[in-house]
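Novice: Just to be clear, the model below is a prediction. Sequence and coordinates:
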Amino acid sequence: MPELPEVETVRRGLAPVFEGATFTRVDQRRADLRLPFPQDFAKRLIGRRVLKLRRRAKYLIAELDDGEALVMHLGMSGSFRIDKGASLANTHIAKGQNPAHDHVVFHFDNGASVTYNDPRRFGCMLLLHSNEIEKHPLFEGLGIEPLGNEMNAQKLADELHGRKTSLKAALLDQGNIAGLGNIYVCEALHRAGLSPFRAAGSVVDVSGKPMPTLERLARAIKDVLREAIEAGGSSLRDHRQTDGSLGYFQHNFRVYDREGEPCPTKDCKGVVARKMQNGRSTFYCPVCQK
Ligand SMILES: [Zn+2]
């Protein structure tokens, strides 16, 4: 499943094609993905120009010149492939992509086309009025953007104050922070030296101010996401040279999926452990994460 850094990488890859371009044709090859496509989906897009491609949580939002927005989610297995006009007229199929799973193709007046491939079809595409997005059931109640300006230790303290649930569960709660998934929560907690099992409220003092542990955690969350996006950026450059596909990249994690390996923290003699927590695997170091 693409996590936030992958979605942001996809956004950065698609933005140069989408922004400023007008839809000239849209091939819609089925009636639904996880949700039905909007009524007259293709027809409503044709002639519309994309003003901006932004991201909210794990949604890509193409703001259109008529006040609507094309909202796209990659689900579990979605990816986009860019074909840039005549030089790539012989549409290549990205490795491992079955053209039977190409469900939508956007054609633009700049000569490029963008194909959405999704074998498991958990993705979705919607057309919403821009000013109604935040009120839509998919967006309502989403918490702060972990990379947004509003994200800081005090904001997190407001969310976590007095909470008895585990710190990890609170960080995975999309109503607190939007778009943060299991992998990056494990990574951020390790980097901040905090146990996933401690109470969420334990990083906030009685007056509701963030403790130094929470300052550290807020920084760690931003750092792990930014580093992954940078790694995604380099994979993007590689992809552009090869098959134009966007969606997934390899990234080296410090604890995620590294059960039994030595803890990478300097001078720590611990071994990465795995424990089931709220139905998900938690990877952590029992020695340096307190
Ligand atoms: Zn350790």
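Specialist: Good, I have the coordinates.
Novice: So residue 176 sits against residue 159, correct?
Specialist: Yes. In this structure, residue 176 sits in contact with residue 159. The criterion is CB atoms under 8 Å, and the distance is 4.3 Å. Just so you know, the C-beta spots here come from the backbone N, C-alpha and C atoms, and that holds for glycine as well.
Novice: Out of the two, name the residue with the larger neighbour count.
Specialist: When neighbours are counted by other CB atoms under 10 Å, residue 176 comes out ahead of the other of residue 176 and residue 159, with 21 against 17.
Novice: Next, work out how far apart the more buried one and the ion are.
Specialist: Noted for residue 176: a distance of 26 Å to the ion, by CB to the ion, to the nearest Å.
Novice: ok, that residue - contacts?
Specialist: Under the criterion of CB atoms under 8 Å, 6 or more residues apart in numbering, the contact partners of residue 176 comprise 143, 144, 156, 159, 160, 170.
Novice: Which strand or helix spans residue 71?
Specialist: Residue 71 is located in strand 68-73, with elements delineated by DSSP states H and E.
Novice: So for that strand, what gets flagged as buried?
Specialist: Going by neighbour count (16 or more other CB atoms under 10 Å), the buried part of strand 68-73 is 68, 69, 70, 71, 72, 73.
Novice: For the second one, give me its contacts.
Specialist: What it means is residue 69. Residues 61, 62, 63, 127, 128, 129, 130, 133 are the ones in contact with residue 69 under the rule CB under 8 Å, 6+ apart.
Novice: Could I get the phi/psi values of the second one?
Specialist: Main-chain torsions, residue 62, degrees, to the nearest 10: phi -90, psi 110.
Novice: average pLDDT for stretch 42-58?
Specialist: Per-residue confidence for stretch 42-58 averages out to 97 on the pLDDT scale.
Novice: What of stretch 139-152?
Specialist: 94.
Novice: quick one, strands of the stretch 1-150 of the chain?
Specialist: Applying DSSP state E, counting those that start in this stretch to the stretch 1-150 of the chain gives strands spanning 23-28, 50-56, 59-64, 68-73, 79-84, 102-108, 112-117, 124-129.
Novice: Number of residues surrounding whichever residue of the stretch 51-200 of the chain sits closest to the ion?
Specialist: For the stretch 51-200 of the chain and the ion, the shortest gap (CB to the ion) falls at residue 190, measuring 7.5 Å. Counted by other CB under 10 Å, the residues lying close to residue 190 total 27.
Novice: again with residue 5
Specialist: Look at residue 5: counted by other CB under 10 Å, it has 25 neighbours.
Novice: mind checking how far the residue lying closest to it once chain neighbours are set aside is from residue 107?
Specialist: Distances taken as CB to CB, 6 or more residues apart in numbering place residue 228 nearest to residue 5, at 3.6 Å, with adjacent residues excluded. With the distance defined as CB to CB, to the nearest Å, residue 228 ends up 31 Å from residue 107.
Novice: who's more crowded, these two?
Specialist: Taking other CB under 10 Å, residue 228 and residue 107 do not tie; residue 228 has more neighbours (23 against 19).
Novice: Quick check, pLDDT for that one.
Specialist: Looking at residue 228, its pLDDT stands at 89.
Novice: isn't residue 196 right up against residue 189?
Specialist: Yes. Residue 196 is in contact with residue 189 according to CB under 8 Å; the separation is 5.2 Å.
Novice: Pull up the overlap in contacts between those two.
Specialist: Residues within reach of residue 196 and of residue 189 at once, by CB under 8 Å, 6+ apart, are 167, 168, 284, 289.
Novice: Sketch out the helices for the protein, chain order is fine.
Specialist: The residue ranges that make up the helices of the chain, judged by DSSP state H, are 4-18, 41-45, 153-160, 167-172, 182-192, 212-241.
Novice: List just the one of those that sits closest to residue 78.
Specialist: Of all the helices of the chain, it is helix 4-18 that lies closest to residue 78, at 9.0 Å by CB to CB.
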